[in-house]
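Peer 1: here are the coordinates; sequence isn't available:
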Ligand SMILES: Nc1ncnc2c1ncn2[C@@H]1O[C@H](COP(=O)(O)OP(=O)(O)OP(=O)(O)O)[C@@H](O)[C@H]1O
Ligand SMILES: [Mg+2]
């Protein structure tokens, strides 16, 4: 092959890997063609799924051609080109109509008398398109080397294939993105509202609004069932990252042995079963928010790794020495008292301080009794809506009783209790929920402590200690003698609780 051809082919090959829009790739290909083949016009077609030939780049032809679609059956020359893998020449006296008759730019001189050459483009045995060359000079294509045109066709075919694959990937990505957006929307609309009129709730809302727009790490604490997850969603939804997903990690449920890979990802072959590269939750959250729920349960080893990622803003997938930069906002939640956990050596102090940049405490339901009636209304409305009932009420005196209970399981417990009662009432075809439908005693928890009111004179100190002992014993019984859990429940330091227990003679 001559050196000019080699140069053109090399240029085309280099352009194949250049980052160009697909129509530019096509045009580059066609632009090089008249430097090596004696032609006045050329066209590159892509064969689409319906079997139509779509012109994607032309030279020496009216650009109107780009708007046309060619049915091979209606164009015998194109049909003939597609039927063979060899380049096909049509002489000037060939009786078959030329698909471009009347479209050559400088046809004024030659009307429709010209030579034509067509070449089918194959990739891995599959027809992907057609290349055509036209010349106003009779016999122009007689002396072209077949190998030259075949080499050119192979490059053209590779270009078409690459672009098709690239476009397919782009389409797939677009589809994936719109699916993700839809899922984010759906997840958001399923997230319940944060209901509450108490001062404590108003303070909570103000806190959320204050910190949401910053990129600070937020540590949400509060007893079980108080709504920490709702708070995390509210924080993310009010942040500048709201359009990105909030990736959820339950630190208490990280699979043993795979926890690190779950968080930071792994490369193929990093460990048995790592058959593919995989991004971890951190990478998935890049540009968005990572919600580390139950952070207090994270094993110490992972706490150290997490701290390093937070400090450096970059991570390494398991088995890789490459550092990946990530931009992730951290929201963490726990129902443990992390400061106590730090003292007990269960949680790293440095990580605690890193996460605790902006602490948000979600108050217990017993500290915001005012919210119980409105919460009850909201929760019942959900049941009513689910069962498509015209109405569902709760007796006012029952509501009062609910408001005077302590609710150790907080809103979750209130929700479950109310839902069970509502279901029983619905079964009975009742639209008003009375105390009769509740499976818990609706007595006033606070008044129940009258059990400890003495009837004969006794020292106060002794009475209080008696109550403390019973309270600790009761809590330990509920937590299977787990002092940490008992301390969390009683909202006190584990060490102090333990010492107090021993002093009161608890074994
Ligand atoms: N202010 C609120 N308004 C309405 N529903 C709420 C509110 N707070 C909590 N809930 C509901 O109570 C249930 C428990 O809330 P959530 O899961 O957020 O609690 P949590 O603090 O994360 O508990 P845990 O520590 O056990 O994980 C959820 O169904 C939630 O929608
Ligand atoms: Mg939770």
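Peer 2: Good, I have the coordinates. Only a predicted model underlies this, so the values are computations on that prediction, with no experimental measurement involved. Ligands and ions are numbered 1, 2, ... in the order given.
Peer 1: contacting residues around whichever residue of the stretch 151-300 of the chain sits closest to ligand 1?
Peer 2: For the stretch 151-300 of the chain, the residue positioned closest to ligand 1 under C-beta to the nearest ligand atom is residue 227, at a distance of 2.5 Å. The way it works is simple: take the backbone N, C-alpha and C, and place the C-beta from them, glycine included. Applying C-beta atoms under 8 Å, 6 or more residues apart in numbering to residue 227 gives the contacts 194, 362, 410, 411.
Peer 1: do residue 506 as well
Peer 2: Contacts of residue 506 were listed using C-beta under 8 Å, 6+ apart, and they are 469, 472, 473, 476.
Peer 1: just to revisit the earlier point, and the residue of the stretch 151-300 of the chain closest to ligand 1, backbone torsions?
Peer 2: Main-chain torsions, residue 227, degrees, to the nearest 10: phi 110, psi 30.
Peer 1: tell me the pLDDT at it?
Peer 2: We have a pLDDT of 96 for residue 227.
Peer 1: again with residue 449
Peer 2: pLDDT, residue 449: 52.
Peer 1: that older thread, filter the contacts of residue 227 down to the ones close to ligand 1.
Peer 2: With the criterion set as C-beta under 6 Å from any ligand atom, the members of those near ligand 1 are 194, 411.
Peer 1: just the contacts of residue 227 now: which is nearest residue 382?
Peer 2: Nearest to residue 382 among the contacts of residue 227, counting by C-beta to C-beta, is residue 411 at 12.4 Å.
Peer 1: residues near that closest one, how many?
Peer 2: Residue 411 has 24 neighbouring residues, counting by other C-beta atoms under 10 Å.
Peer 1: name the helix or strand for it, please.
Peer 2: Residue 411 is part of helix 410-427 when elements are defined by DSSP states H and E.
Peer 1: starting at the chain centroid, how far to that helix?
Peer 2: Relative to its chain's centre, helix 410-427 lies at 33 Å (C-alpha atoms, centre = their mean, to the nearest Å).
Peer 1: check which residues of that helix are buried.
Peer 2: 410, 411, 413, 414, 415, 417, 418, 421, 422, 425, 426 (16 or more other C-beta atoms under 10 Å).
Peer 1: looking at the contacts of residue 506, spot the one nearest residue 68.
Peer 2: Closest to residue 68 out of these is residue 476 (83.8 Å), distances taken as C-beta to C-beta.
Peer 1: continuing past the least confident helix or strand in the chain by mean pLDDT, what's the next helix or strand?
Peer 2: When the helices and strands of the chain are scored by mean pLDDT, DSSP states H and E, helix 445-448 comes last with a mean of 56. Helices and strands here follow DSSP H and E; after helix 445-448, the next one along the chain is helix 460-478.
Peer 1: buried residues in that following helix?
Peer 2: 468, 469, 472, 473, 475, 476.
Peer 1: now stretch 43-57
Peer 2: Buried positions in stretch 43-57, judged by neighbour count with 16+ other C-beta under 10 Å: 43, 44, 45, 46, 47, 53, 55, 56, 57.
Peer 1: mind putting these in TSV, pLDDT, secondary structure and distance to ligand 1 included?
Peer 2: What follows is these, written out as TSV (pLDDT from 0 to 100; DSSP: H, G, I helix; E, B strand; the rest coil; distance: C-beta to the nearest ligand atom, whole Å):
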residue	pLDDT	secondary structure	distance to ligand 1
43	93	strand	62
44	94	strand	58
45	95	strand	58
46	94	strand	52
47	94	strand	54
53	95	strand	58
55	94	strand	58
56	93	strand	54
57	92	strand	57
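Peer 1: so where do the helices sit in the stretch 251-400 of the chain?
Peer 2: 259-264, 281-284, 300-312, 338-343, 349-355, 371-386, 396-403 (DSSP state H, counting those that start in this stretch).
Peer 1: show me what the shortest one is packed against.
Peer 2: The contact analysis (3 or more C-beta pairs under 8 Å, 6 or more residues apart in numbering; DSSP states H and E) places helix 281-284 against strand 246-250, helix 259-264.
Peer 1: most tightly packed of the helices of the stretch 251-400 of the chain?
Peer 2: helix 259-264 (a mean of 21; mean count of other C-beta atoms under 10 Å).
Peer 1: that one packs against which elements?
Peer 2: Under the contact rule (3+ C-beta pairs under 8 Å, 6+ apart), helix 259-264 is packed against helix 281-284, helix 300-312.
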